[in-house]
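**Q** would you be able to build a 3D model of this:
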Amino acid sequence: MSTKELENQHSASLSDTVNSILEEIIDKIVDSNEKSETASVEKNDIATKIDTLNLNDYSNPLKSDENLAISSVKTENNLFAIKWISFFGRKVPIVLQNINGPCPLISICNVLLLRDQMHLANNIEVISNEILIQKLADLLFNEFVPRLQENASKSVINFEQIISDSLTIFEKLQYGLDVNVKFTGVSDFEYTREMDIFDIFAISLYHGWLIDPEQTEFYQYLADKSYNQLVEISINGNENSDTEKATLKLLAEDFLKSTASQLTYYGLSALHSILKPHELSILFRNNHFSTIYKHSKNNRLFTLVTDSGYLNHDDIVWETLDNIEGAGHFCDSDFKFSEAVSNAPDSSRQNPHENDYLLALSLQQQEEAAHQQETQRSLPQESPARSSQRQSPKKKDKLKIKNFQIKI
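**A** A predicted model of the protein is given here:
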């Protein structure tokens, strides 16, 4: 059998495997919706088959129409409104969340839509989670599969397992993901297979629930723990046991209570430092996944407003992330402050001390970067030996948050 025939045989086998997995996933989604909503849904209208998977040209394996979301699915909780916004001059659809909306699925799709990697039909107004999952599968084959072509030729079984695992994760996105935060860094989470979904689409997942090293006791006893560990300590710990365990229990309870917003100013500062200008990523906070963006000009952090109640509010698209109470300012598509008022109390929204802290941090970083560039231009060229001994202000800043660096 020729090499070409072997490749075609492998492609056909892989296509059959993926077909089977995707049909099974969509069947489960439909069955779940039928049970929860007692609605009649035609599975054959939703389970779109992958006709051919050609590993040479990677043509689109999914042939479904976005309008299927309107015609085939009748369950209210299975449909999500689409809001059209402007993102740096480009008309972009974003998915809004309903009452029981799957925020991991929505946040991932919104990042991909804003990146111009995922596309929806023009002027579409509503979409189902089945179609969103099909869109992710489409992107998987167009973006992820090509990168694995070389590995596939070496290890067919491993390649098919990766595809199988990826598609299986899609099913879980509609229900949410179990995430266990680690307090050691903004990108540190306990690993589970479901977390691979963010790596597959090259989306960074962050949190801002960090312990400030200047809070000596918290940092000494709790910094190396995870959220689940702190909960277990606070529940099962015994205040009457030995001194260290009793202290650990009290500290765990105090920390969880004092940081109920799951965001600290030290963590917010680390997020400012870690995110790159114009970076789109996902922030996990209070069991919710939000699309987060760092503006390339003013270096502010913004979260995408996906509450379906703001569907018809063109002046409410983003919300500033500049304090830990969730009391940001609403902004329009151009990141200009809206006259609309956020739901947070005025007392928490108007906190000049906290906002000044973040503003000062941002200005300090800009000044130090400018000073470094000016110094390099004005000073004569140094020898490698002398240059390596001097530490720039920017490098010092990195050392201060060395525990919060991530791999790019």
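
**Q** going forward, measure contacts between C-alpha atoms and count neighbours the same way
**A** Fine.

**Q** who's in contact with residue 236?
**A** By CA atoms under 8 Å, 6 or more residues apart in numbering, residue 236 lies in contact with nothing.

**Q** do you know how far it is from residue 253?
**A** Distance of residue 236 to residue 253, computed by CA to CA, to the nearest Å: 11 Å.

**Q** same check on residue 132?
**A** Distance from residue 132 to residue 253, counting by CA to CA: 40 Å.

**Q** the two - which one has more neighbours?
**A** Using other CA atoms under 10 Å as the criterion, residue 132 and residue 253 rank with residue 132 on top: 22 against 15.

**Q** grab the nearest non-local neighbour of the more buried one.
**A** Take residue 132 and drop its neighbours on the chain: the residue closest to it by CA to CA, 6 or more residues apart in numbering is residue 109, 7.4 Å away.

**Q** and what of residue 208?
**A** According to CA to CA, 6+ apart, the nearest residue to residue 208 is residue 267 (4.2 Å).

**Q** just to be sure, residue 138 is in a helix?
**A** Yes. Per DSSP: H, G, I helix; E, B strand; the rest coil, residue 138 lies within a helix segment.

**Q** count the neighbours of the residue nearest to residue 208 for me.
**A** With neighbours defined by other CA under 10 Å, the count for residue 267 comes to 22.

**Q** that one contacts residue 213, correct?
**A** No. Contact criterion CA atoms under 8 Å: residue 267 and residue 213 do not qualify, at 11.1 Å.

**Q** would you confirm that residue 105 contacts residue 177?
**A** No. Assessed by CA under 8 Å, residue 105 is found out of contact with residue 177, at 9.5 Å.

**Q** care to break this structure down by domain?
**A** 3-173, 179-209+259-408, 216-258 (automatic domain parsing).

**Q** and the ones you listed, which one is worst for confidence?
**A** Confidence, taken as mean pLDDT, is least for domain 3-173 of these (a mean of 67).

**Q** residue 255 in helix, strand or coil?
**A** Relying on three-state DSSP, one would call residue 255 helix.

**Q** give me the number of residues near it?
**A** 15.

**Q** return the residues in contact with it.
**A** Counting by CA under 8 Å, 6+ apart, residue 255 makes contact with residue 218.

**Q** ok, residue 233 next?
**A** Here residue 233 is in contact with 248-249, 252 (CA under 8 Å, 6+ apart).

**Q** now it: phi and psi?
**A** The phi/psi pair for residue 233 (degrees, to the nearest 10) reads phi -60, psi -40.

**Q** how near is it to residue 192?
**A** According to CA to CA, residue 233 and residue 192 sit 22 Å apart.

**Q** could you grab the helix/strand/coil label for the residue nearest to residue 132?
**A** Looking at residue 109 with three-state DSSP, the answer is helix.

**Q** that one reaches residue 118, doesn't it?
**A** Yes. Between residue 109 and residue 118 there is a contact under CA under 8 Å: 7.4 Å.

**Q** how long is stretch 84-104 from one end to the other?
**A** End residues of stretch 84-104 are separated by 20 Å (CA to CA).

**Q** now it: buried residues?
**A** By neighbour count on 16 or more other CA atoms under 10 Å, the buried set for stretch 84-104 is 84-85, 92-98, 101-104.

**Q** for this protein, what's the longest strand?
**A** The residue-count maximum for a strand in the chain (DSSP state E) belongs to strand 79-87.

**Q** could you check the angle whichever helix or strand comes after that strand makes with strand 79-87?
**A** On the C-terminal side of strand 79-87, the nearest following helix or strand under DSSP states H and E is strand 90-95. Angle of strand 90-95 versus strand 79-87, following axes from the mean of the first three to the mean of the last three CA atoms, to 10 degrees, is 160 degrees.

**Q** check which helices and strands strand 90-95 sits against.
**A** In terms of contact count using 3 or more CA pairs under 8 Å, 6 or more residues apart in numbering; DSSP states H and E, strand 90-95 is assigned the packing partners strand 79-87, helix 103-114.
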